[in-house]
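Asker: build me a model:
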Amino acid sequence: MIRAVAASAAPVGDGVLLLREIAVADAAALLRRYGLRLALVADGAPIPGSYWGDSEAGLVGTTVHARADTPVHSLLHEACHLIVLPPAWRALVHTDATDCNEEEDAVCVLQSLLADLLPGVGRDRLFADMDAWGYSFRLGSARAYVEHDADAAWQWLHDHGLVDASRGVLLPGAGESDF
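Answerer: Alright, predicted model coming up:
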């Protein structure tokens, strides 16, 4: 289980991987697979739909807004909030995707799976960045949570058709997902 923290837990660029440090086209392509759009915001401009403000990614409908200084973990986390929603509900989202603890936990697991699909990211880097940013888990780290304490989140993702029985991510168009 996680506890949310404000974006100010770590200053921008405090060792976490930023969007400008990966191929933005790869991130946009991954989001497109789930029917989402990545919208880039000008440096220094407010990010539409950002819950925490600062450089944190924002949600408005099926669009994930981010700047070059947005942490990749934030981009993936917010995108996963939309991915876990039924497609018809996505259009209704603005800023705050859920108040459901089970969904929040599932999003943390799913973002680690999607990190492996982004060249130059991977779950090891994502776990380190989540810890550095200030995500708080009962077992002390993002990795420990996903690997040893997230059974309910894995089950939630499976029940919603987002992971298979072996805990592998199901991508749209892969035959098993209904997205």
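Asker: report the secondary structure state of the residue minimising distance to the centre of the chain.
Answerer: For the chain, the residue nearest the mean C-alpha position is H77 (1.7 Å; CA atoms, centre = their mean). Here H77 is recorded as helix under DSSP: H, G, I helix; E, B strand; the rest coil.
Asker: for the residue nearest to A97 when sequence neighbours are not counted, grab phi and psi.
Answerer: Of all residues not flanking A97 in the chain, H81 sits nearest, at 3.5 Å (CB to CB, 6 or more residues apart in numbering). Quick note: C-beta positions are derived from backbone N, CA and C, even for glycine. Main-chain torsions, H81, degrees, to the nearest 10: phi -60, psi -40.
Asker: touching, H81 and V93? I think so.
Answerer: Yes: taking CB atoms under 8 Å as the definition, H81 is a contact partner of V93 at 7.4 Å.
Asker: and these two? Which one has more around it.
Answerer: A count of neighbours by other CB atoms under 10 Å puts H81 above the other of H81 and V93, at 24 against 19.
Asker: contact partners for that one?
Answerer: 59, 93, 97-98, 103, 107 (CB atoms under 8 Å, 6 or more residues apart in numbering).
Asker: in terms of pLDDT, where does it sit?
Answerer: Per-residue pLDDT puts H81 at 93.
Asker: what's the separation between it and A42?
Answerer: Using CB to CB, to the nearest Å, H81 is found at 24 Å from A42.
Asker: what's the following helix or strand after the helix or strand hosting A29?
Answerer: Using DSSP states H and E, A29 maps to helix 24-33. Under the assignment DSSP H and E, the closest C-terminal helix or strand after helix 24-33 is strand 37-40.
Asker: please name the nearest non-neighbouring residue to I83.
Answerer: Going by CB to CB, 6+ apart, I83 has Y34 as its nearest residue, at 4.9 Å.
Asker: pretty sure that neighbour sits against L82.
Answerer: Yes: using CB under 8 Å, Y34 makes contact with L82 at a distance of 7.3 Å.
Asker: still on that earlier bit, quick one, which of the contacts of H81 are buried?
Answerer: The neighbour-count test (16 or more other CB atoms under 10 Å) marks 59, 93, 97, 103, 107 as buried among these.
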